[in-house]
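Undergrad: This is the structure alone, sequence omitted:
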């Protein structure tokens, strides 16, 4: 059963070495992510599942100990998913979203429970996402989710997806729903609009909504902004 969840954005810029001189601009977001992860640790889960968007190569399960890096972003920073000293029998490279999650977990010294990762992506429907979430919630007696994903990438003229006037209202509703743990509203997020706005968090968020169906969790919005024209949301559920 799901006992806690944290929602975090997954831009590589959260890693200071990647952001370089712009690193201080996301200090507040990093602090909010740390607060969200503290919610997970306080719940004393038996298992933590990290869910994040991935391309075709990165989709599917990633065991504890799987490795990732940010070398593709020009910095020699490597990460390992989960607790120190755990080596998987074999594992592919973590997708970027799960590498960012691994960095956040390392930064906060996660040791509360075993960790596994799951990369998800298009074309998953709302119901398919919810079914994945239900399955994840049944993995152990006390399951926590770390849900990685950005909102729209179309908030400004310099945003990756250029300016789209639909982006701000979409992000506002997503942030409200995630902050309130409003499962119906999360499931109601428009899948086609999310795709057009490059909101990669839609699928992980709807996985979370499925996992939380019988959990009765309450949410707290910890951060919401679009510093680079991309919507970033941080929330904690317990």
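TA: Arrived safely. Not measured: the values here are computed from a predicted model. Residues are numbered from 1 along each chain as shown.
Undergrad: which ones are touching the most centrally placed residue in the chain?
TA: Centroid-nearest residue in the chain: residue 148, 0.7 Å away (criterion: C-alpha atoms, centre = their mean). Neighbouring residues of residue 148 by C-beta atoms under 8 Å, 6 or more residues apart in numbering: 8-10, 50-53, 97-98, 100-101, 201, 204. Yep, even glycine has a C-beta here, placed from its N, CA and C like the rest.
Undergrad: can I get these in TSV with pLDDT, distance to residue 88 and neighbour count?
TA: Putting those into TSV (pLDDT from 0 to 100; distance: C-beta to C-beta, whole Å; neighbours: other C-beta atoms under 10 Å) gives the following:
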residue	pLDDT	distance to residue 88	neighbour count
8	98	23	32
9	98	26	26
10	98	21	25
50	98	14	29
51	98	18	29
52	98	17	30
53	98	21	24
97	98	18	31
98	98	13	27
100	98	19	27
101	98	16	32
201	98	26	29
204	98	22	32
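Undergrad: Between the residues you listed, which sits nearest residue 43?
TA: Closest approach to residue 43 among the contacts of residue 148 (C-beta to C-beta): residue 50, at 14.9 Å.
Undergrad: I'd like the next helix or strand past the strand or helix carrying the closest one.
TA: Per DSSP states H and E, residue 50 falls inside strand 47-53. Next along the chain after strand 47-53, taking DSSP H and E as the criterion, comes strand 60-62.
Undergrad: Tell me the neighbouring strands of that following strand, and mark each as parallel or antiparallel.
TA: In the sheet, strand 60-62 lines up against strand 115-120 (antiparallel) (DSSP bridges).
Undergrad: how about the helices in the chain?
TA: Secondary structure of the chain (DSSP state H): helices at 16-19, 27-42, 96-107, 126-137, 167-180, 183-187, 191-196, 202-211.
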